[in-house]
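Enquirer: Need coordinates for the below:
(2 chains)
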Number of protein chains: 2
Amino acid sequence: MVPHLTTALNGPLKELESRIIKAQPQIEHWFRSQWVDHAAPFYASVDLRNAGFKLAPVDTNLFPGGFNNLSGDFLPLAVQAATVAVEKACPDARGILLIPENHTRNTFYLQNVAAIHGILRQAGLNVRVGSLLPEITSATVLDLPNGKQLTLEPITRRGNRLFVGEEFNPCVVLLNNDLSGGIPDILKNIEQNLLPPPYAGWATRRKTRHFAAYDEVAQDFSELISIDPWLINPYFSHVGELDFQARQGEDVLADTVSDLLARIRVKYNEYGITHDPYVVVKADAGTYGMGVMTVKDAAEVKGLNRKQRNKMSVVKEGLEVNDVIIQEGVHTFETVNEAVAEPVVYMMDHFVVGGFYRVHTGRGVDENLNAPGMHFVPLAFEKPCNAPDCDGTPDCAPNRFYSYGVVARLALLAASRELEAMDEEFGDN
Amino acid sequence: MVPHLTTALNGPLKELESRIIKAQPQIEHWFRSQWVDHAAPFYASVDLRNAGFKLAPVDTNLFPGGFNNLSGDFLPLAVQAATVAVEKACPDARGILLIPENHTRNTFYLQNVAAIHGILRQAGLNVRVGSLLPEITSATVLDLPNGKQLTLEPITRRGNRLFVGEEFNPCVVLLNNDLSGGIPDILKNIEQNLLPPPYAGWATRRKTRHFAAYDEVAQDFSELISIDPWLINPYFSHVGELDFQARQGEDVLADTVSDLLARIRVKYNEYGITHDPYVVVKADAGTYGMGVMTVKDAAEVKGLNRKQRNKMSVVKEGLEVNDVIIQEGVHTFETVNEAVAEPVVYMMDHFVVGGFYRVHTGRGVDENLNAPGMHFVPLAFEKPCNAPDCDGTPDCAPNRFYSYGVVARLALLAASRELEAMDEEFGDN
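Expert: Numbers count the residues shown, from 1 in each chain, chains lettered A, B, ... in the order given. Model (predicted):
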């Protein structure tokens, strides 16, 4: 399956990709030194937007779903990377407890859990899937759309250790649950190595903190390869003390949107870009495309109707939204058979292990594709992102995927620095 | 391309493979702990023999050729593994100097050099190929059968550092030259990290030392999964003070061959194997299938004719043979379309990155396939060796390749221990 990819613009992005390919040895040298100083998260996925003139991350997920959408051809890469991740986290590990989200009815999500389970098992670990759901009181076998099955089991805590059944005493607890509802008591102060650390969950994590770390990474990287950091970095602002239901903070929000749109317009003029700038307003803590709004004019965020206010005021697990990130919208000009396509890149430890496109036919280039219940068609990358074609053109498939892998790793590095800073504030040690 | 693989026997090997697949978590756990204690060589290839009742390594190459025979589909695995190898050897490396064998006319070998060059370049290193040949006095472009080119350049030494041209000052020197003729002066006492260490060359390395280390590894592993170590380990003996031309030592050689054949017969009886046992007599230091003789009866090593004596008395670079390893012959019962097929497994750092079969139609099951000038057809493994099918039968392709990867990694671990012991004796530090 070879995706037919097009970008609407042939201007600066080709130049950016060309510069990335040309600087590949410097880039990899720089990454190697960064990973000596910073520990990569166990795994992550990064949503990218490719505007032709700009290639940037818009979201970094530390509890990635969608592993089931990667090409099976490259699973060995994930198995090898998982081996490295386990060697670093706990070389003596025999057993790993995987804790998923509580969506037992979302079979697409459950296939992701099964895919992670499979990778870890192929890497030679004993893996059990432990549910936080109180109704899982005994081993529960769930049928998956691909004909396979997934077994959820209850977790028990004895002292400060988690077990499954009487016997299974894991060395590592791997979270695939973003803890939007806070850190459950059963996970607090446990002896086992908990990955990612629980403060990476959305109860404490903030998008603005991540993108502040990304600002620094993008700045360093841009100096390395002599580019304008804006080409890989979306502008953003933070607005707090909001209460959408009480219409509190609307003016500040509108002014901030207006300022950000003005800053983007300056850049658009500088690069001769004639498209309309837009921003995306998102809950600063949260995921799953809830609490997200696309805005082209500051007036749009004033006088929201009830439906819009409801949409913005809460995210997953009923978490109330008082803080938002206003992020420069990056147009999606990459298409697959005329449908909008957004790349998502997957990493384990500091290795890119694959990716896929979210392909959607019914939406505009400036809309969010990851809305709740939103239907998209996953199209696995035909090439892994770690092996550029050093003799190919900058936009040939392996090199485009390599550029995606580079920008995704920049976001991963930002997440590393973000978690390091959070560890000082929230870590137990 | 799906190779059609058969094994002539369905007895104990299926049981061995089955036990390996079943014990996969214990095996990977054990390997993780081994790699904490032992540093893997930068790269290696291992020749295996699959006799149906027995699966064993017969040669471990620390300067592997044949990377060009691996499936291009799995090169990303090699790129990822090379990244790890470089991170360990020298995370700050920008440039790497690759020193190949002096076979400028062997275009198959040159394609191997180009393949290694490509993997390192894709991993983000600046790579130059420096020749030890005195006639390479300026950059020399060689055309390869696959339409690509390889540039050989002269190496210069300034003080204790190696350079290419005025500018290229590599951090790492990677040898793909087995130094059969001894360590050239230009490589002695250099500041740069020389990989593998020069004492891994055949001027100092001994097969018997490797297989003595393998004895220990095979013993430990066999206890781990409760098997008879003989199932993965060929018997061997050493005979020294030989002079084939002067017919000196023939009697000792014949007696040792006789003893070894008797030991093998005991095992054949124990397992009900009705095939004729045989041994392979090989130069203890050397490679390329020179100085190799297949023997079914001790009488064969007495009264060798001139041609046979010539064949045995010298190996590559005119190195005289005074020491031999007499190794239990492992029948090759694996066939591809009725042709004898011998698996070769490739590793970088401690990762299996692929493999291929040497397929040969014109030879018997007990003959050596790697003779000089010998024509074989390489058939790339259709699956990588690191991702077993945990739900598949023990002999399905991914699981057979996994078993190959396990036995190859045992030989790799033996090489690690062998080099550690040699470092005490030959290392500079």
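Enquirer: Once you drop chain neighbours, what's closest to A:S18?
Expert: A:P394 (4.0 Å; CB to CB, 6 or more residues apart in numbering or on different chains). Bear in mind the C-beta positions are built from the backbone N, C-alpha and C, glycine included.
Enquirer: Just the buried residues of the strand or helix carrying A:S258, please?
Expert: When elements are defined using DSSP states H and E, A:S258 is found to belong to helix A:250-271. Going by neighbour count (16 or more other CB atoms under 10 Å in any protein chain shown), the buried part of helix A:250-271 is A:250, A:253-254, A:256-258, A:260-261, A:264, A:267.
Enquirer: Distance to chain B and pLDDT added to these, as a markdown table?
Expert: Conversion of the buried residues of helix A:250-271 to a markdown table gives the following (distance: CB to the nearest CB, whole Å; pLDDT from 0 to 100):
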| residue | distance to chain B | pLDDT |
| --- | --- | --- |
| A:E250 | 49 | 89 |
| A:L253 | 43 | 94 |
| A:A254 | 46 | 95 |
| A:T256 | 40 | 96 |
| A:V257 | 40 | 96 |
| A:S258 | 43 | 96 |
| A:L260 | 35 | 97 |
| A:L261 | 38 | 97 |
| A:I264 | 33 | 97 |
| A:K267 | 30 | 97 |
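Enquirer: Let me know the closest of the residues you listed to A:Q327.
Expert: Each of these was scored against A:Q327 by CB to CB, and A:L260 proved nearest at 8.4 Å.
Enquirer: was I right about the closest one contacting A:E328?
Expert: Yes: contact status for A:L260 versus A:E328: in contact at 6.6 Å, counting by CB atoms under 8 Å.
Enquirer: Now the common contact residues for these two.
Expert: Taking CB atoms under 8 Å, 6 or more residues apart in numbering or on different chains as the contact rule, A:L260 and A:E328 both touch A:235-236, A:279.
Enquirer: how about stretch A:130-149 as PDB, C-alpha atoms only?
Expert: Output in PDB follows, covering the C-alpha atoms of stretch A:130-149 (Å, rounded to 0.1, in the frame of the first residue of the first chain):
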ATOM      1  CA  GLY A 130      -4.600  -4.600  34.700                       C
ATOM      2  CA  SER A 131      -7.700  -2.500  34.700                       C
ATOM      3  CA  LEU A 132      -8.600   0.300  37.100                       C
ATOM      4  CA  LEU A 133     -12.300  -0.300  36.500                       C
ATOM      5  CA  PRO A 134     -14.000  -1.600  39.700                       C
ATOM      6  CA  GLU A 135     -16.300  -3.800  37.600                       C
ATOM      7  CA  ILE A 136     -13.300  -5.900  36.500                       C
ATOM      8  CA  THR A 137     -13.300  -8.300  39.400                       C
ATOM      9  CA  SER A 138     -12.000 -11.300  37.600                       C
ATOM     10  CA  ALA A 139     -10.100 -12.000  34.300                       C
ATOM     11  CA  THR A 140     -12.300 -10.700  31.500                       C
ATOM     12  CA  VAL A 141     -11.800 -11.700  27.900                       C
ATOM     13  CA  LEU A 142     -12.700  -9.100  25.400                       C
ATOM     14  CA  ASP A 143     -13.100  -9.900  21.700                       C
ATOM     15  CA  LEU A 144     -11.400  -7.500  19.300                       C
ATOM     16  CA  PRO A 145     -12.500  -6.500  15.700                       C
ATOM     17  CA  ASN A 146      -9.400  -8.100  14.300                       C
ATOM     18  CA  GLY A 147     -10.400 -11.500  15.700                       C
ATOM     19  CA  LYS A 148      -7.900 -11.400  18.500                       C
ATOM     20  CA  GLN A 149      -8.700 -11.200  22.200                       C
END
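Enquirer: buried sites along it?
Expert: Within stretch A:130-149, the residues scored as buried using 16+ other CB under 10 Å are A:130-133, A:136, A:140, A:142.
Enquirer: Check what contacts that stretch and list those residues.
Expert: By CB under 8 Å, 6+ apart, the list of residues contacting stretch A:130-149 reads A:68, A:97-100, A:102, A:104, A:107-108, A:110-111, A:114, A:150-155, A:162, A:164, A:177, A:184, A:186.
Enquirer: Filter those down to the ones in helices?
Expert: Those of the contacts of stretch A:130-149 mapping onto helices are A:107-108, A:110-111, A:114, per DSSP state H.
Enquirer: Quick check: A:A212 is in a helix.
Expert: Yes: assessed by DSSP: H, G, I helix; E, B strand; the rest coil, A:A212 belongs to a helix.
Enquirer: separation between it and A:L242?
Expert: For A:A212, the distance to A:L242 (CB to CB, to the nearest Å) stands at 19 Å.
Enquirer: So the two - more neighbours on which side?
Expert: Taking neighbours as other CB atoms under 10 Å in any protein chain shown, A:A212 and A:L242 compare with A:L242 leading, 23 against 16.
Enquirer: Isn't the more buried one up against A:D251?
Expert: No: the pair A:L242 / A:D251 is not scored as a contact, 10.9 Å apart, by CB under 8 Å.
Enquirer: next one: phi and psi at A:F244?
Expert: phi -60, psi -40 (degrees, to the nearest 10).
Enquirer: need the contact list for the closest residue to it other than its chain neighbours.
Expert: Spatial nearest neighbour of A:F244, chain neighbours left out: A:S313 (4.1 Å); criterion: CB to CB, 6+ apart. Contacts for A:S313 (CB under 8 Å, 6+ apart) come out as A:243-245, A:291, A:320-321.
Enquirer: got it, and A:D73?
Expert: A:D73 makes contacts with B:D73, as judged by CB under 8 Å, 6+ apart.
Enquirer: And the residue lying closest to A:D284 once chain neighbours are set aside, how far from chain B?
Expert: Residue nearest to A:D284 in three dimensions, not counting chain neighbours: A:D323, with 3.9 Å by CB to CB, 6+ apart. Note on A:D323: its distance to chain B, by CB to the nearest CB, to the nearest Å, is 38 Å.
Enquirer: A:D323: how many residues sit nearby?
Expert: 18.
Enquirer: just to revisit the earlier point, do you know the pLDDT at the residue nearest to A:F244?
Expert: A:S313 carries a pLDDT value of 80.
Enquirer: What of A:A82?
Expert: 96.
Enquirer: In space, what's closest to it - neighbours in sequence excluded?
Expert: A:A123 (4.3 Å).
Enquirer: residues in contact with the one you found?
Expert: Neighbour list for A:A123: A:79, A:82-83, A:86, B:28 [criterion: CB under 8 Å, 6+ apart].
Enquirer: Helices of the stretch 301-429 of chain A, start to end?
Expert: Counting by DSSP state H, counting those that start in this stretch, one finds helices in the stretch 301-429 of chain A at the ranges A:306-313, A:397-426.
Enquirer: Buried residues in the longest one, which are they?
Expert: Think helix A:397-426. A:398-419, A:422.
Enquirer: Is it positioned near chain B?
Expert: No: applying CB under 8 Å from any CB of the partner chain, one finds helix A:397-426 separated from chain B by no less than 8.9 Å.
Enquirer: And for stretch A:57-72?
Expert: No: applying CB under 8 Å from any CB, one finds stretch A:57-72 separated from chain B by no less than 9.8 Å.
Enquirer: Between the two ends of that stretch, how far is it?
Expert: One end of stretch A:57-72 to the other measures 25 Å (CA to CA, to the nearest Å).
Enquirer: Tell me the buried residues in it?
Expert: Those buried within stretch A:57-72 under the rule 16+ other CB under 10 Å are A:57-71.
Enquirer: So A:Y43 sits against A:M347, correct?
Expert: Yes: with contact defined as CB under 8 Å, A:Y43 counts as touching A:M347 (6.4 Å).
Enquirer: more crowded one of those two?
Expert: For A:Y43 versus A:M347, neighbours defined as other CB under 10 Å are more numerous around A:M347 (30 against 27).
Enquirer: Many thanks, we can stop here.
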